[in-house]
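K.L.:
What follows is a protein structure lacking sequence information:
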């Protein structure tokens, strides 16, 4: 994450959207509107389609969106897509992004978005090492070379700061999405998501995990968000979308095989065997003791405030730390409490 959410990138994105409109290729970025008798939810992802939307695909497959009077359009993200800006501009009306700090930084930069639910209760971001040179705790990073994605450097900074370790004690190199730096000895540690089973398979039984969460940086992954205007003018549609999505994730929890089949049928580029390996991991991040008590998608103000405080200490907010009530709202979760599944 570059964390460069500012009004310039916002305007660049909305300008790009206007350019697409001029060429007649706006199928996925038109403003929210009624589509026949169904209201279209345009879900902007922060990533390319993957098992992170297993629940949404299952919900659509089982007709849950239609039961709510909704149609679902999934808009893929990726490294060259500023999904938060696309939602903030109103081009798409609901978003899900990899990590919660992106929403804090966007709000601090002036984008009118707020989190409404947390998809993963625990962030899968992990520091991977090998058994003959293991990193089991943050202190083990001292003197090591860490290969991480450029967008994830801030996560390492947060981890080191949280554990009283100077950044001078750790060498950092930038890597791509595979584990080659670790396997070739260029780095002692490489980073990634535990749900990316394809990239991690090369580590085999020599793999040692240290989760960012266990190091004291407890972020939400796959948080859902929308705009202040959507919450003010179409909260009923947002509530309906969260009901459908939560039921889809519940159905995936009860029948992971069927959920993977629906996912692969919609996205044939995905490998079924790999997705079957990833499904239990994805579902474990989606449902735990917190969801057993408060339902799928739950989150807490205390966790959000802790995240704000950490990033404020790291001077990541160029326009000052955002207020908690500007970052998140519990209104949608409270309105859908009777529907959201309580597995875990």
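P.N.:
Ah, there it is. What you see is a predicted model; the values in this text were computed from it and never measured.
K.L.:
I'd say residue 55 and residue 252 touch.
P.N.:
Yes: the pair residue 55 and residue 252 passes the contact test of C-beta atoms under 8 Å, sitting 5.2 Å apart. Every residue, glycine included, has its C-beta placed from N, CA and C.
K.L.:
Now do the shared contacts for these two.
P.N.:
The contact sets of residue 55 and residue 252 overlap at residue 259 (C-beta atoms under 8 Å, 6 or more residues apart in numbering).
K.L.:
How many neighbouring residues does residue 330 have?
P.N.:
A count of nearby residues for residue 330, using other C-beta atoms under 10 Å, gives 15.
K.L.:
Tell me if I'm right that it and residue 301 touch.
P.N.:
Yes: counting by C-beta under 8 Å, residue 301 is a contact partner of residue 330 at 7.4 Å.
K.L.:
and stretch 173-180, how far apart are its ends?
P.N.:
With C-alpha to C-alpha, to the nearest Å as the measure, the first residue of stretch 173-180 is 12 Å from its last.
K.L.:
which outside residues touch the one helix or strand residue 116 maps to?
P.N.:
Using DSSP states H and E, residue 116 sits in strand 113-120. Contacts of strand 113-120 from elsewhere in the structure, counted by C-beta under 8 Å, 6+ apart, are 52, 55, 84, 87-88, 95-96, 100, 103, 106-107, 220-228, 231, 238, 242, 246, 285-286, 296-299, 304, 326-329, 331-333.
K.L.:
just stretch 166-176 next, same as before
P.N.:
Surrounding stretch 166-176, the residues in contact under the criterion C-beta under 8 Å, 6+ apart are 141-150, 153, 156-157, 160, 181, 186-187, 190-191.
K.L.:
Distance from that stretch to the middle of the chain?
P.N.:
Here the centre of mass of C-alpha atoms in stretch 166-176, compared against the chain's by C-alpha atoms, centre = their mean, to the nearest Å, lies 24 Å away.
K.L.:
From one end of it to the other, what's the distance?
P.N.:
25 Å.
K.L.:
Can you point out the buried residues in it?
P.N.:
Within stretch 166-176, the residues that qualify as buried by neighbour count (16 or more other C-beta atoms under 10 Å) are 170, 172, 175.
K.L.:
Ok, stretch 305-319 next?
P.N.:
Within stretch 305-319, the residues scored as buried using 16+ other C-beta under 10 Å are 307-308, 310-311, 316-317.
K.L.:
And for stretch 46-54?
P.N.:
Residues of stretch 46-54 classed as buried: 46-47, 49-54 (neighbour count, 16+ other C-beta under 10 Å).
K.L.:
Among those residues, which one lies nearest to residue 69?
P.N.:
residue 53 (20.7 Å; C-beta to C-beta).
K.L.:
On the three-state scheme, that closest one is what?
P.N.:
Each residue gets one of three states, and residue 53 gets helix by DSSP: H, G, I helix; E, B strand; the rest coil.
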